[in-house]
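Participant: After the sequence you'll find the predicted model.
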Amino acid sequence: MLIDTHVHLNDEQYNDQLDNVINESINYGTICFCVMGCDYESSLKAINIAKKYNGSLINGKQIECFAFVGIYPGEILKNQYSDNPDNIEWIKDLYLNNKDVVKGIGEIGIDLYWDKTYKEEQIAFFKSQLNIASNLNLPVSIHAREATQITLDILKEYKGKVKGVMHCYSGSVEIAKEIEKIGFKLGIGGVLTYKNTKLVDVINELDLSAFVTETDGPYLSPSPFRGKINKPGYIKYVVDKICEIKKLDYDTVEKILENNAREIFNLRRS
Ligand SMILES: [Zn+2]
C-alpha cells in the first residue's frame, strides 16, 4: 500500500468531494493518510477527518487516517498565537485528548519565501513546537522554504530527540545526506515528475531507505495532472518515477516506502 505522509484533506478544496477523493485514492493503492494541521482550526478539522475515516472499510480496504497538529510558519503572523510562542498548550492538549488518531506535530518549520520580517518569531514558534514533539516523543512534519540551512541547523540541536520528515524535499544531494544523518526522511511528491528536477539526482544518490511518499495535496500535482487539484492516489505516479530511476520493480519500492513511513511516523500495521 501507499502512504500519503503529508496531505491537507482538511483543505476546503476537498470539502464536497472528500469521500470521492478517498475512494479514488484507494483504487490507486493509497490507503493511509497523514492529514496536516496549519493552525488550531485546521488541526481540529484534521482530527475530525481522521476520526471519521480511520479504521473504516472502503472497497474492501481498511483505511488508516491520522492527524498531525501544529502551526504552519505562514499562519504565525495572522492568528492569536502571534505574540507568544509558549502559548501553544493547545497542541499538547489536542494530542492528549485524541491519542488514537494524532500521530505527530506538523506542519511546522520556517518559510522565508513570502516574508522575512518575522524570521525570529518563526524560529521561536518552530523551537517551541519541537520541544513539544520532543517531550511527547512525537515525530514532526517539517516545512522549509528558502530556509533549508537554518531549519537544518535548528533540527541538529534536536538530534536524537526529534525525528520526522522534511516534507516536499527539493534541494541538493549534499543537504539531503545531512538531513538523513540527523535521522530524518525526505518527503517525495509531485515535484519528482516535473521536467529537469534536481530531485532525480537525490533519488539516484541516496538509498531508498531515505524516502517517504507524499502529495501535499491539494497542491503540487504530479505530471500528468500538473495545475489540477492533487489527490493522494496520484502518489502512484511518483512511485512509478522512483522505480524508473532506481530500476526496481513497483512492489519492492512500494513495500520499502511503506515501511519507511511506518517507521518514521510510528504508524502501526493494521
Ligand atoms: Zn503542506
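Facilitator: Perfect, I can see it now. Treat the numbers as computed from the prediction; the structure is a model and nothing was measured.
Participant: so what's Asn87 scoring on pLDDT?
Facilitator: On pLDDT, Asn87 comes in at 80.
Participant: State the distance from it to the ion.
Facilitator: 23 Å (C-beta to the ion, to the nearest Å). For glycine as for every other residue, the C-beta is placed from the backbone atoms N, C-alpha and C.
Participant: And that residue, its phi and psi?
Facilitator: Per-residue torsions, Asn87: phi -90, psi 50 (degrees, to the nearest 10).
Participant: what's the longest strand in the chain?
Facilitator: Using DSSP state E to define each element, the chain has its longest strand at strand 102-111.
Participant: partners of that one, with directions?
Facilitator: Sheet pairing for strand 102-111, assigned by DSSP bridges, gives strand 64-69 (parallel), strand 140-145 (parallel).
Participant: residue of the stretch 1-150 of the chain with the smallest distance to the ion?
Facilitator: Glu107 (4.8 Å; C-beta to the ion).
Participant: Near that residue, how many other residues are there?
Facilitator: 28 (other C-beta atoms under 10 Å).
Participant: can you confirm Leu192 is in a helix?
Facilitator: Yes. Per DSSP: H, G, I helix; E, B strand; the rest coil, Leu192 lies within a helix segment.
Participant: hang on, the earlier thing: how close does the closest residue to the residue of the stretch 1-150 of the chain closest to the ion other than its chain neighbours get to Asp249?
Facilitator: Of all residues not flanking Glu107 in the chain, Met36 sits nearest, at 4.3 Å (C-beta to C-beta, 6 or more residues apart in numbering). Distance of Met36 to Asp249, given as C-beta to C-beta, to the nearest Å: 31 Å.
Participant: Cys32 against Cys65, yeah?
Facilitator: Yes. Judged on C-beta atoms under 8 Å, Cys32 makes contact with Cys65 at a distance of 7.5 Å.
Participant: thinking again about what came up before, and whichever helix or strand comes after the longest strand of the chain, which residues are buried?
Facilitator: Of the helices and strands lying after strand 102-111 in sequence (DSSP states H and E), the nearest is helix 119-136. In terms of neighbour count (16 or more other C-beta atoms under 10 Å), helix 119-136 has its buried residues at Glu121, Gln122, Ile123, Phe125, Phe126, Ser128, Gln129, Leu130, Asn131, Ile132, Ala133, Ser134.
Participant: any idea which of these is least confident?
Facilitator: Glu121 (89).
Participant: Let me know the angle separating the longest strand of the chain from helix 119-136.
Facilitator: 160 degrees (axes from the mean of the first three to the mean of the last three C-alpha atoms, to 10 degrees).
Participant: which of the strands paired with strand 102-111 is buried the deepest?
Facilitator: strand 64-69 (a mean of 27; mean count of other C-beta atoms under 10 Å).
Participant: Quick check: mean pLDDT of stretch 147-167?
Facilitator: pLDDT averaged over stretch 147-167 gives 97.
Participant: Return the distance of that stretch from the chain's centre.
Facilitator: Relative to its chain's centre, stretch 147-167 lies at 14 Å (C-alpha atoms, centre = their mean, to the nearest Å).
Participant: List the buried residues of that stretch.
Facilitator: 147-148, 150-152, 154-155, 158, 162-167.
Participant: again with stretch 227-236
Facilitator: Quick answer for stretch 227-236 (16+ other C-beta under 10 Å): Asn230, Lys231, Pro232, Gly233, Tyr234, Ile235, Lys236.
Participant: quick one: which of these is nearest to Asn15?
Facilitator: Closest approach to Asn15 among these (C-beta to C-beta): Lys231, at 14.0 Å.
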